[in-house]
Structure formats: C-alpha cells, structure tokens
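next input, structure requested:
(one chain, ligands or ions: 2)
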Amino acid sequence: MTDSLKCDVAVIGAGTAGLAAERAARNNGATTLLIDPHFAGTLCATTGCMPSKLLIAAAEEAHRIERADTFGIIVGDIEIDGPAVMRRVRSERDRFARLTREGFDNIPDGIMIESRARFLGPNRLALADGREIEAKAIVIATGGEARLPPAYARLGSRALTHESIFEIEDLPRRLAVVGSGPIGLELAQAFARLGVEVALFDRADTLAKVRCQRVHRALLETVESELSVHLGCDVEPELSEEGVTIRWSANGGGNENGEEHFDLVLAAMGRPPALEGLDIDKAGLDCDEHGVPCHDRATMRCGDSAIFLAGDVAADLPLLHEASHDGAIAGRNAARFPAAIKTDRYVPFAITFTHPALATIGSAEDDGAITGTVDFSDQGRARVEARNRGVLTLYAAAPDGRLIGADLFAPAGEHLAHMLAWAIDTGMTASEMLERPFYHPTVEEGLKSALRTICAATPIPLPDDQDKGVPPGS
Ligand SMILES: Cc1cc2nc3c(=O)[nH]c(=O)nc-3n(C[C@H](O)[C@H](O)[C@H](O)COP(=O)(O)OP(=O)(O)OC[C@H]3O[C@@H](n4cnc5c(N)ncnc54)[C@H](O)[C@@H]3O)c2cc1C
Ligand SMILES: NC(=O)c1ccc[n+]([C@@H]2O[C@H](COP(=O)([O-])OP(=O)(O)OC[C@H]3O[C@@H](n4cnc5c(N)ncnc54)[C@H](O)[C@@H]3O)[C@@H](O)[C@H]2O)c1
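Ligands and ions are numbered 1, 2, ... in the order given. All right, here's what the predicted structure looks like:
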C-alpha cells in the first residue's frame with residue numbers, strides 16, 4: 001500500500017520563495033510539508049545572486065586599480081591570479097550556501113522531505129520515493145532553469161550556464177557570452193574587467209531590454225569600450241579543435257556577420273520556469289501560452305484553485321525580493337484557504353549590477369509620461385570620483401508630476417534606484433521630492449535637474465522657499 005502523508009499546505013521547492021511560503025503557512029497555523037530533492041541552499045546563495053556579485057567584486061577591484069593613474073597613483077602592471085579569483089568566489093559562495101543550509105535547522109522536525117514532487121491531482125502529490133501527499137493547499141515554488149538549447153548542449157563542457165561557470169578553476173582567455181540579459185551583462189563585464197577577452201551576443205537589438213534609448217546609448221557606449229558587442233544577430237556555436245567557433249549573422253536591420261573562436265561559451269539566454277516533470281496538467285489549472293499557471297499577483301492564487309505560485313516559477317519578476325514576497329503572500333493565503341487576502345505589490349524594480357549600475361523602476365515613457373533627464377558626464381560628485389558617465393530618465397504622471405518610473409545607468413545607481421523606488425511607492429511628486437534636503441556634494445544632487453524639468457512641465461510651482469541656484473559641481 002502507498003505510504004500517504006497529510007498536511008494543510010505542501011510547498012514544492014525549498015528556494016527563497018518556498019522557504020518563505022512554508023514559514024508563512026506555518027506561522028498562520030497550518031501544518032506544512034516542504035519538498036525539495038536537494039536542500040542544498042537556495043539558487044541565490046549557490047549559483048545566483050551571491051557568486052555573481054562575488055565575481056563582480058573581484059572585477060571591480062581590478063578595475064579600480066587599473067584606473068588609479070587617473071588620480072596620479074601609479075600602480076604599475078597588475079597581475080590577475082585567475083585560480084585565486086575563482087577560489088575566493090567559491091569559498092565565500094560556499095559560506096553563504098552553508099548559512100542558508102543552517103537555516104534549515106530552524107524548521108521543525110518532520111516538515112522537510114528530500115524528494116521530487118509531481119501532481120497526481122489538484123490536492124495530491126506523488127513523491128519520487130513512492131510516497132504520496134494529500135494537502136488542502138499546495139504552493140509551487142520550483143524556480144527556473146537555465147535555458148541551454150541543443151546546439152549549446154552539444155558543446156559539452158565548453159558550454160557553461162550560471163550553474164557551472166563559478167566552478168571553473170581558472171579564467172578563460174576568450175569567452176563568448178550569448179544573451180545580454182542581467183546574467184549575460186553582469187558576467188560579461190566582470191570577466192572583461194578580469195582581463196578575459198569577451199564577446200557578447202544577443203539576437204535582440206537592445207541590451208537587457210532597456211526601455212529608454214538615452215540610457216541604452218550610455219550603457220552600450222560603456223560596454224562596447226570594454227568588450228565586443230554583437231546585437232541583432234543569430235548565433236551558431238560549433239565545437240572546434242581549440243574550443244568553440246561562434247558564427248553570427250545579422251537577423252534584421254544590421255549587416256554584421258562574423259566568425260570567432262573562444263575557449264568557453266556562457267549561455268545566458270533566460271531561465272524559463274521549472275515546470276517540467278511536475279505533471280501540471282493533472283492539477284487542473286488554466287495555463288498561459290508558456291505553460292505557466294494563470295495566477296493573481298495580489299494573492300498568488302491560481303484561478304479559484306487551492307494551488308498557489310511563488311518565485312521564479314511564476315515568471316512575473318524573477319528577482320530575489322519578489323520571490324520572498326511571493327512566498328510570504330502565497331504561504332499565508334494557502335494556510336487561510338479559501339480566504340485569500342489581496343496584497344499591494346511593490347513597484348517593479350530591477351537593478352543589474354554592471355558598473356555603473358543599470359536599473360528599471362516602475363512605468364516608462366511609453367505610458368505618456370512627463371520626462372526629465374540627467375546626464376552624469378558633468379555631475380559634480382561623479383566627476384570628483386572620475387565616474388562621471390551615465391544617464392537617468394525620470395517619468396512622472398500629468399498633471400501633478402507624481403513620479404511613476406525611472407530608467408538609469410548611473411553612478412551610485414543601486415542607491416538612486418532604491419531612493420526612487422521608495423519615492424514612487426509612496427506616491428511622491430517631483431515637487432515633493434525637491435522639498436527634501438539634498439546633501440552636497442553627492443550623486444543624489446544630480447536628480448534635481450530632472451525633478452525641476454518635470455516640475456516645469458506641471459502646473460504645480462516649484463517649492464518657492466528653495467533656492468533655484470546650482471552649487472558648484474551639483
Ligand atoms: C546568476 C544569477 C544572478 C542573480 N542575481 C540576482 C540579483 O543580484 N538580485 C536579485 O534580486 N535576483 C537575482 N537573481 C534572481 C534570484 O536569484 C531569483 O529570483 C531567486 O533566487 C528565485 O528564487 P526561487 O525560490 O523562485 O527559486 P530557487 O531558489 O531556484 O528554488 C527552487 C527550488 O525548487 C526545487 N525544485 C524544483 N523542482 C522541484 C520538484 N519537482 N520537486 C521538489 N522541488 C523542486 C529546486 O531544487 C530548488 O531548490 C539572480 C539569478 C541568477 C541565476
Ligand atoms: N541583478 C539582478 O537582479 C539579476 C542578475 C542576474 C539574473 N537575474 C534574473 O535572472 C533572470 C534570468 O536572466 P537572463 O539574463 O538569463 O535572462 P533574460 O531573459 O533577462 O535575458 C536573456 C537574453 O538572451 C537573449 N537570447 C535568448 N535566446 C537567444 C539566442 N538563441 N541567441 C541570442 N540571444 C538570445 C534574449 O534576447 C535576452 O536578451 C532575469 O530575468 C533576472 O530577473 C537578476
């Protein structure tokens with residue numbers, strides 16, 4: 001007879017979203033089961049956010065030293081010890097992964113089930129070990145999986161994804177990066193700054209789907225100064241004696257064709273939701289054209305079922321803070337099923353950790369917004385620090401200049417992006433933001449000119465007790 005387990009809420013996947021969902025369900029009084037085949041630590045700690053930021057940190061250090069002569073500091077030739085760089089990435093990464101695993105100790109006994117789950121019905125799961133689970137509600141939090149098309153899979157160990165790139169023992173001499181989304185862009189720039197010859201390819205005409213053309217131009221200019229970029233092209237990889245040959249051909253308006261040899265290829269072509277093997281058809285859910293169950297982001301509930309989504313599997317905003325918010329919402333609503341509570345979601349907000357940082361916040365120009373732009377090439381503090389490159393575009397709604405979004409590729413970009421996301425979240429207008437103090441000399445002062453442009457386009461006067469002058473270098 002099949003061994004059958006019962007619980008109020010079963011959570012499939014113990015990543016950031018699944019852990020948050022299980023915790024929220026338990027804190028809301030539900031009996032829970034949390035299923036994962038590995039319990040190895042979250043994607044964020046093992047092959048995602050943290051190892052990528054560790055590699056970027058090494059690259060930044062090298063870059064800082066390399067441009068020290070701008071300030072009259074002569075360092076001489078620098079040597080990059082590739083194996084040492086990768087060893088630090090892995091040892092710090094392993095520490096983050098270990099800390100995540102230690103967090104599993106806080107989960108009461110009997111909740112964690114080391115297995116893979118698939119649906120037998122809307123309330124029933126089969127485990128790979130032969131057992132079955134009957135649950136009043138189920139949260140799917142299975143994450144995403146790096147896309148590796150067959151032509152790349154045929155390259156064997158020459159083709160890497162974010163799951164394998166941090167395992168390389170030494171830096172390659174020549175690296176092709178296919179896909180210029182956040183993964184491709186961050187890692188292409190980092191490897192280039194570590195002395196690797198990098199070429200970045202994308203079939204799209206735009207890097208990282210940047211919405212604002214001014215911001216895109218600034219980004220492209222910086223990236224092209226550090227590595228070769230081939231946009232709007234179809235790429236064909238093939239194993240060769242020395243490594244991999246990449247042939248590319250223009251797929252639209254461009255006229256670029258070419259062929260080059262590389263040691264390794266990083267496939268950064270997206271991370272579709274991990275739904276394979278879940279037998280989702282047995283859950284009785286309506287799915288969109290990509291096979292993702294249709295769901296309400298305010299509740300994370302799929303239709304009127306007792307099934308909820310959380311994290312990258314939902315394919316909404318595959319970001320860490322959203323995965324954890326999804327999990328908290330889905331877990332609570334699963335525990336209180338059928339009384340789903342609607343939650344207001346954060347303003348959409350993504351930062352790509354290039355240098356300077358690239359960020360997208362809220363709505364854009366296309367939505368008929370008033371815009372204000374800052375060019376950082378002559379901005380005081382940025383110039384003091386010789387990091388005076390980049391552009392920021394602010395979007396505001398008529399008639400009152402309420403801030404609705406921003407695109408930026410700018411110094412201190414991750415901090416400006418937070419400040420703007422919070423201002424947008426609280427419904428501030430450009431005029432209200434200008435009433436706040438701006439310390440001098442800071443990169444934040446750069447925002448003032450964009451805010452003033454927006455104020456000038458609205459019937460709301462600029463705050464009249466504020467000086468309209470411009471301090472030196474602001
Ligand atoms: C290289 C990289 C860099 C990133 N950098 C950033 C960043 O700087 N900032 C940011 O905000 N976001 C970043 N992200 C995105 C962020 O890491 C993810 O949005 C987040 O980690 C997703 O969490 P999750 O819980 O949805 O998925 P995961 O952590 O992947 O968890 C999914 C879990 O489901 C389990 N699972 C799968 N199938 C089954 C099954 N059938 N049965 C049981 N268990 C199953 C898996 O084993 C896994 O443990 C990055 C991602 C990558 C790849
Ligand atoms: N800093 C961060 O927050 C951060 C960092 C890394 C990853 N992430 C998350 O991870 C997710 C996945 O990142 P990603 O960069 O892999 O995905 P992505 O979907 O954002 O970008 C994939 C890119 O690959 C291109 N592409 C796809 N197929 C191609 C092909 N056959 N040939 C050439 N180009 C092709 C696409 O045009 C696109 O530009 C992101 O959506 C992001 O949310 C976030």
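
and the pLDDT for the residue nearest to E435 when sequence neighbours are not counted?
In space, E435 comes closest to P463 once its chain neighbours are excluded; the distance is 4.8 Å by Cβ to Cβ, 6 or more residues apart in numbering. (Glycine included, C-beta is placed from N, CA and C.) The per-residue pLDDT reported for P463 equals 72.

and for P463, the neighbour number?
P463: 14 surrounding residues under other Cβ atoms under 10 Å.

show me the contact partners of stretch 219-234.
Residues outside stretch 219-234 that contact it (Cβ atoms under 8 Å, 6 or more residues apart in numbering) are 180, 185, 188-189, 192-193, 197-208, 210, 248-254, 256-258, 354, 356, 358, 389-390, 409.

tell me the buried residues in the one helix or strand H216 maps to?
According to DSSP states H and E, H216 maps onto helix 213-224. When burial is assessed from 16 or more other Cβ atoms under 10 Å, helix 213-224 yields the following buried residues: R214, V215, H216, A218, L219, L220, T222, V223.

that helix close to ligand 2?
No: contact between helix 213-224 and ligand 2 is absent, the nearest approach being 12.5 Å (criterion: Cβ under 6 Å from any ligand atom).

in the helix or strand just after that helix, what's buried?
Scanning the chain past helix 213-224 towards its C-terminal end, the next helix or strand to appear is strand 228-230 (assignment: DSSP H and E). Residues S228, V229, H230 are the ones in strand 228-230 that count as buried (16+ other Cβ under 10 Å).

tell me the first helix or strand C-terminal of strand 228-230.
Elements were assigned by DSSP H and E; along the chain past strand 228-230, the next helix or strand is strand 233-239.

flag every buried residue along that next one.
Within strand 233-239, the residues scored as buried using 16+ other Cβ under 10 Å are C233, V235, P237.

what residues does the protein put near ligand 2?
Going by Cβ under 6 Å from any ligand atom, the residues of the chain near ligand 2 are 178-184, 186, 201-204, 235, 268-271, 318-319, 350-353.

of these, just the buried ones, PyMOL syntax please.
Buried residues within those, as defined by 16+ other Cβ under 10 Å, are selected in PyMOL through the command that follows:
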select buried, resi 178+179+180+181+182+183+184+186+201+202+203+235+268+269+271+318+319+350+351+352+353
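
returning to that earlier point: just put the buried residues of helix 213-224 in CSV and tack on distance to ligand 1 and pLDDT.
Formatted as CSV, the entries for those read as follows, by distance: Cβ to the nearest ligand atom, whole Å; pLDDT from 0 to 100:
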residue, distance to ligand 1, pLDDT
R214, 24, 96
V215, 19, 98
H216, 21, 98
A218, 21, 98
L219, 17, 98
L220, 21, 98
T222, 19, 98
V223, 18, 98
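
so who does D202 touch?
For D202, counting by Cβ under 8 Å, 6+ apart, the contacting residues are V178, G179, S180, G184, H230, L231, G232, C233.

and those, which two are furthest apart?
Greatest spatial distance in the contacts of D202: G184 and G232, 14.9 Å, computed using Cβ to Cβ.

run through the strands of the stretch 101-250 of the chain in chain order.
For the stretch 101-250 of the chain, the strands defined by DSSP state E, counting those that start in this stretch occupy 112-114, 117-121, 124-127, 132-140, 159-160, 174-178, 197-201, 228-230, 233-239, 244-250.

what number of residues are in the vicinity of the closest residue to ligand 1 within the stretch 51-200 of the chain?
Among all residues of the stretch 51-200 of the chain, G143 sits closest to ligand 1, at 2.7 Å; criterion: Cβ to the nearest ligand atom. Summarising burial for G143: neighbours were counted as other Cβ under 10 Å, giving 23.

hang on, isn't it packed against A310?
No: counting by Cβ atoms under 8 Å, no contact exists between G143 and A310, whose distance comes to 9.8 Å.

between the two, which contacts overlap?
Common contacts of G143 and A310, defined by Cβ under 8 Å, 6+ apart, comprise A17.

which of the contacts of stretch 219-234 fall in helices?
Cross-referencing the contacts of stretch 219-234 with the helices (criterion: DSSP state H) gives L185, A188, Q189, A192, R193 as the overlap.

residue contacts, the last one?
Contacts of R193 were listed using Cβ under 8 Å, 6+ apart, and they are A59, E60, A62, H63, E226, H355.

so what pLDDT did the most centrally placed residue in the chain get?
Centroid-nearest residue in the chain, with Cα atoms, centre = their mean: L319, separated by 4.8 Å. At L319, the pLDDT value in this model is 98.

so how far is L394 from it?
As for L319, its distance to L394 is 22 Å (criterion: Cβ to Cβ, to the nearest Å).

before we move on, back to that, got a list of what the residue nearest to E435 touches?
Taking Cβ under 8 Å, 6+ apart as the criterion, P463 is in contact with S431, L434, E435.

out of those residues, who has the most neighbours?
Using other Cβ under 10 Å as the neighbour criterion, S431 leads the contacts of P463 with 21 neighbours.

any regions of the stretch 1-150 of the chain where pLDDT drops low?
In the predicted model of the stretch 1-150 of the chain, residues 1-2 satisfy pLDDT under 70.
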